[in-house]
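Visitor: got a predicted structure here, sequence first:
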Amino acid sequence: MDRVTTAPAAPAPIAFLKGHGTENDFVIVPDFENALDLPPTVVARLCDRRAGIGGDGLLHVVRSAAHPEARAMADEAEWFMDYRNADGSVAEMCGNGVRVFARYLQHVGLTDGGDLAVATRGGVKHVHLDKNGDVTVSMGRAALPEGAVTVAVDGREWPATNVNMGNPHAVAFVEDLAHAGNLYAAPPFSPASVYPEGVNVEFVVDRGPRHVAMRVHERGAAETRSCGTGACAVAVAAARRDGADPAATGTPVTYTVDVLGGRLVITERPDGTVEMTGPAVIVAEGQIDPSWLEAAQNGHA
């Protein structure tokens, strides 16, 4: 009798979506049980705008209970945003990313809207999906470490405010956003010991009362169209520069922050909590070719 051979089953395609928040765009990879191998080289290839899907970062959607970095938060937040920068490096938080992450969960029916908790490496973030389409994220409290910091571009230096929103920021107020240069490379900062793992650098100009505009170099991604934690850092730095401290006055302070990709509204409350409100959009969904992914994992894609 002839032996019947069965060809091995082809690997299943891997789903992805594409979304953005004020044009800070992300590849979204649902992987609820944390089964996918996503090393930095693969993430960087997926985020490549010519050889991959393209994005400022990757949102890896995992159940908190299935990820070793999030299990301790599983009782408070079912879902973990395993965020990666465009170069594949791991990041603590991404404000625009949290809004898009929440919009994804709503898009696929995993939440009905309203209030939602999302686990991140920067802690659990509480999100509200507004009926008007905006998403508000409680970003936690800003820390303002002491010590002088400067940033530089093309031989010019500015003092910067050191703000930590779960990830580090250096906020410099300038006369013209063009002073930031092309922002392809990370602006030098000093002293080097302040940011041992690099820093997000925001350049800020005034547009009106409690209204500013910014450009940002995000570590691991170069200049991006928007940065949510950066907008929060900018609002807090602007408030302190303007003599406003909600913890001292008991009155919330709200700043409008224009980014290249749109507008965010940032409110700092008397308890120190910083809230960010802005849009979040799912643009497309599709499938990653498993043979392409295998080649990327082997460094050949």
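Guide: Received it, and whenever you're ready, just let me know what you need. For clarity, every value in this text was computed on a predicted model and none was experimentally measured.
Visitor: need the helices for this protein, in chain order.
Guide: 40-47, 95-107, 228-241, 246-249, 290-297 (DSSP state H).
Visitor: closest one to Glu23 among the ones you listed?
Guide: helix 95-107 (8.9 Å; C-beta to C-beta). From N, CA and C alone the C-beta is placed, and that goes for glycine too.
Visitor: can you give the distance of that closest one from its chain's centre?
Guide: Relative to the centre of its chain, helix 95-107 is centred 11 Å away, using C-alpha atoms, centre = their mean, to the nearest Å.
Visitor: what inclination does that helix have with respect to helix 228-241?
Guide: Angle of helix 95-107 versus helix 228-241, following axes from the mean of the first three to the mean of the last three C-alpha atoms, to 10 degrees, is 130 degrees.
Visitor: what about helix 95-107, average pLDDT?
Guide: Mean pLDDT, helix 95-107: 96.
Visitor: do the same with stretch 293-301
Guide: pLDDT averaged over stretch 293-301 gives 81.
Visitor: let's number from 718 now, not from 1
Guide: Taking 718 as the first residue, the last one we looked at is stretch 1010-1018.
Visitor: not counting that stretch itself, show me its contacts.
Guide: Here stretch 1010-1018 makes contact (C-beta atoms under 8 Å, 6 or more residues apart in numbering) with 728, 731, 754, 756, 758-759, 762-763, 768-769, 1009.
Visitor: ok, which of the helices of the chain comes nearest Glu874?
Guide: If you check each of the helices of the chain against Glu874 by C-beta to C-beta, helix 945-958 wins as the nearest, at 17.0 Å.
Visitor: and this structure, what are its domain boundaries?
Guide: As given by automatic domain parsing, the domain ranges for the chain are 731-850+998-1014, 866-994.
Visitor: in JSON lines: the ones you listed, plus mean neighbour count and distance to Arg858.
Guide: As requested, those are exported to JSON lines (neighbours: other C-beta atoms under 10 Å; distance: least, C-beta to C-beta, whole Å):
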{"stretch": "domain 731-850+998-1014", "mean neighbour count": "19", "distance to Arg858": "10"}
{"stretch": "domain 866-994", "mean neighbour count": "19", "distance to Arg858": "4"}
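Visitor: so which of these gets nearest Met856?
Guide: Closest of the domains of the chain to Met856 is domain 866-994, at 4.6 Å (criterion: C-beta to C-beta).
Visitor: how about the contacts made by the residue lying closest to Ala834 once chain neighbours are set aside?
Guide: In space, and not counting its chain neighbours, Ala834 is closest to Ala794: 3.9 Å by C-beta to C-beta, 6 or more residues apart in numbering. Counting by C-beta under 8 Å, 6+ apart, Ala794 makes contact with 781, 787, 834-836, 841.
Visitor: quick one: low-confidence residue ranges for this structure.
Guide: Applying pLDDT under 70 to the chain picks out residues 718-728, 1018.
Visitor: in strands, which of the contacts of Ala794 appear?
Guide: Of the contacts of Ala794, the ones assigned to strands by DSSP state E are 834-836, 841.
Visitor: identify the bridge partners of Thr994.
Guide: Thr853, Val982 (DSSP bridges).
Visitor: surely it touches Val852?
Guide: Yes. Taking C-beta atoms under 8 Å as the definition, Thr994 is a contact partner of Val852 at 7.2 Å.
Visitor: so what's the residue count around Pro862?
Guide: Pro862: 11 surrounding residues under other C-beta atoms under 10 Å.
Visitor: now distance to Gly925 too, for the ones in strands among the contacts of Ala794, in JSON lines please.
Guide: Putting those into JSON lines (distance: C-beta to C-beta, whole Å) gives the following:
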{"residue": "Ala834", "distance to Gly925": "35"}
{"residue": "Val835", "distance to Gly925": "33"}
{"residue": "Ala836", "distance to Gly925": "37"}
{"residue": "Val841", "distance to Gly925": "35"}
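Visitor: return the distance of Asp748 relative to His886.
Guide: 29 Å (C-beta to C-beta, to the nearest Å).
Visitor: and Gly826, by the same measure?
Guide: For Gly826, the distance to His886 - C-beta to C-beta - is 35 Å.
Visitor: Pro885 and Asn741, how far apart?
Guide: From Pro885 to Asn741 the distance is 18 Å (C-beta to C-beta).
Visitor: and Leu833, what is it in contact with?
Guide: Contacts of Leu833 (C-beta under 8 Å, 6+ apart): 819, 822, 843-846.
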